[in-house]
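Asker: Need coordinates for the following:
(one chain, ligands or ions: 2)
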Amino acid sequence: MTSTKKTHVLYVDHQGHPAPLTECFHATASRRLSSTLQRFPPSSVTSIDSAYCPNCLTSQDLVQYCNRCQRCSVCVHSMLQIMVRDNHCVYECATCQWRSAISVPVVENASKVEIARAAEDLCLQVKEARQVADHKDLFSERKIRRGIQSLRSFDRDKDWSLEILEATLETKRKEKSIRPEESKVESSLSIQRLNLEDDEDRTPTKFEGTIGAWQWQALVRGVHRNDLLPLPVPLRARRSRRCRAELASGRPGILVKPKVNPLEGDSSLRTGHGQWWRKDSSAIHVIPRVRVVKTVYQEASIHFLLQVTNPTLGLIRMRWGPSPYCGEEDWDGNVTLLLQHLLVDTITQEHWNVRLLEAEERQFETTKIIELASAEDTLLELNHNSGNQVPEAISRWSGTSEQTQWIGQQQQDAWLEVVVEIKSTIKNNEHLAIPLRMQVELGNGSWESSLIEQDTSKETDWVDIDVVLTWES
Ligand SMILES: [Zn+2]
Ligand SMILES: [Zn+2]
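Answerer: Ligands and ions are numbered 1, 2, ... in the order given. The predicted model follows:
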């Protein structure tokens, strides 16, 4: 019976964490895989190379905010422009028309040079005003958070709450005609409440939280919107990732490193479209890709049809066998067959609790060696003959093999049938998995693009890659 249950193939990194192939990296000439997974201990580390402004795209170092750009303090995400209004240089928002109170006078019909000079002056004045505000602790985020928290704890007491206060105000209002001061209090209170609810409904990002606090603070202190200061634009970091094992053995182990110019690779430039990285060692370019094509449930066993694809421009010889992998190590060095909250799909961000089969349940004979042609050859083939058909043995496959073995092979693809006999009982919220070992041969033309040095002392030099096949149970 063919099943539509979900299956995933994960690759085990050098710290024993299984990860989707798209999360994996292969450091040049290394026999290990690294991943981006945030599990302990991580297999790779990131470091900040430099920073750039997301608005003006200039690289800036040793600062947190852009030296030139300012954001609107009312609508927050819009950038401010420097405009000349009534013979004054001001910051103006094109979205909400907010204008900065800080301005620099310019003469009538000022030349471009004069305006540029005034703009520089304006930028400096805003920076100074912000420093003064920070110094006075006017807009300190910590202080505002404390204010919000104390309000909330009041709320929890139920003796005092904004609702009760508002209700009292409401009755008072009905009792007598409204005096102007009272209506002001009420409106500012309802705005406060709105902000608080906003804060509680969703966990705001740090950025949004800060902004909410700024506006809230301004309201509480009665700061008029015209007195608000333009907001600074935080710089964005350019990060590179390195393999921890390679670093420990004294090699650079760079996995991914961005280009210096943040626009490089963009189609707005004339050349180098798509070349975003100075170095990109994503595993998808080197490691054979494995996916489950079909699953068939027999009475006492499950049969998986795996398609193995060579992504490189050279040939690859490989075989599959049982894997000794038995899970992640915990703090005390104990390994556990249960891997909790494991990322199984990068796109949907689905996480599973995965239980590996016991060692005796996953034994099978190592398969024979198969040779996968280069990916380049297939592209040529596609041009000549558009009907790239799957072998008949694959299209007719129904999962009747006695044990794990190759079913067919064509160009850069090969199909492997994996037979799993189920003896384990399945617990709630757990999905079963079988570790498999993919062995890729080095030398004699096989897997040259990996740049791994061949160990000539061995008759055949195999590189072991552990793969975890997990299915919805
Ligand atoms: Zn900028
Ligand atoms: Zn605005």
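Asker: Just give the closest residue to Q275, not the sequence neighbours.
Answerer: G265 (4.9 Å; C-beta to C-beta, 6 or more residues apart in numbering). To be clear about C-beta, it is placed using only N, CA and C from the backbone, and glycine gets the same treatment.
Asker: For that neighbour, which residues are in contact?
Answerer: K259, G272, H273, G274, Q275, W276, W277 (C-beta atoms under 8 Å, 6 or more residues apart in numbering).
Asker: mind redoing it with 7 Å?
Answerer: K259, G272, H273, G274, Q275, W276 (C-beta atoms under 7 Å, 6 or more residues apart in numbering).
Asker: Please apply the same query to E170.
Answerer: Contacts of E170 (C-beta under 7 Å, 6+ apart): none.
Asker: In a strand, it, correct?
Answerer: No - counting by DSSP: H, G, I helix; E, B strand; the rest coil, E170 is not found in a strand; it is helix.
Asker: which SS class is the closest residue to D227 other than its chain neighbours?
Answerer: What sits nearest to D227 in space, not counting adjacent residues and going by C-beta to C-beta, 6+ apart, is A101, at 5.6 Å. Put simply, A101 is coil when judged by three-state DSSP.
Asker: Likewise for A116?
Answerer: Put simply, A116 is helix when judged by three-state DSSP.
Asker: hmm, back to that, got a markdown table for the contacts of G265, with distance to L416 and neighbour count too?
Answerer: Converted to a markdown table, the contacts of G265 look like this (distance: C-beta to C-beta, whole Å; neighbours: other C-beta atoms under 10 Å):
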| residue | distance to L416 | neighbour count |
| --- | --- | --- |
| K259 | 39 | 15 |
| G272 | 39 | 13 |
| H273 | 37 | 12 |
| G274 | 33 | 8 |
| Q275 | 35 | 13 |
| W276 | 34 | 15 |
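Asker: Among those residues, which lie within helices?
Answerer: Using DSSP state H, the subset of those located in helices is empty.
Asker: Nearest to ligand 1 among the residues you listed?
Answerer: Nearest to ligand 1 among the contacts of G265 is K259, at 18.5 Å by C-beta to the ion.
Asker: Identify the residues contacting the residue nearest to the closest one when sequence neighbours are not counted.
Answerer: Excluding the flanking residues, the one nearest K259 by C-beta to C-beta, 6+ apart is R278, at 5.4 Å. R278 makes contact with K257, P258, K259, according to C-beta under 7 Å, 6+ apart.
Asker: Which parts of the stretch 151-300 of the chain are helices?
Answerer: Under the criterion DSSP state H, counting those that start in this stretch, the stretch 151-300 of the chain contains helices at 162-175, 180-201, 206-220, 244-248.
Asker: looking at those, which one has the lowest mean pLDDT?
Answerer: Per-stretch mean pLDDT for those is lowest at helix 180-201 (a mean of 40).
Asker: For this structure, which helix or strand comes out least confident on mean pLDDT?
Answerer: helix 180-201 (a mean of 40; mean pLDDT, DSSP states H and E).
Asker: what's the domain layout of the protein?
Answerer: Split into domains by automatic domain parsing, the chain comes to 7-26+283-471, 65-234, 237-280.
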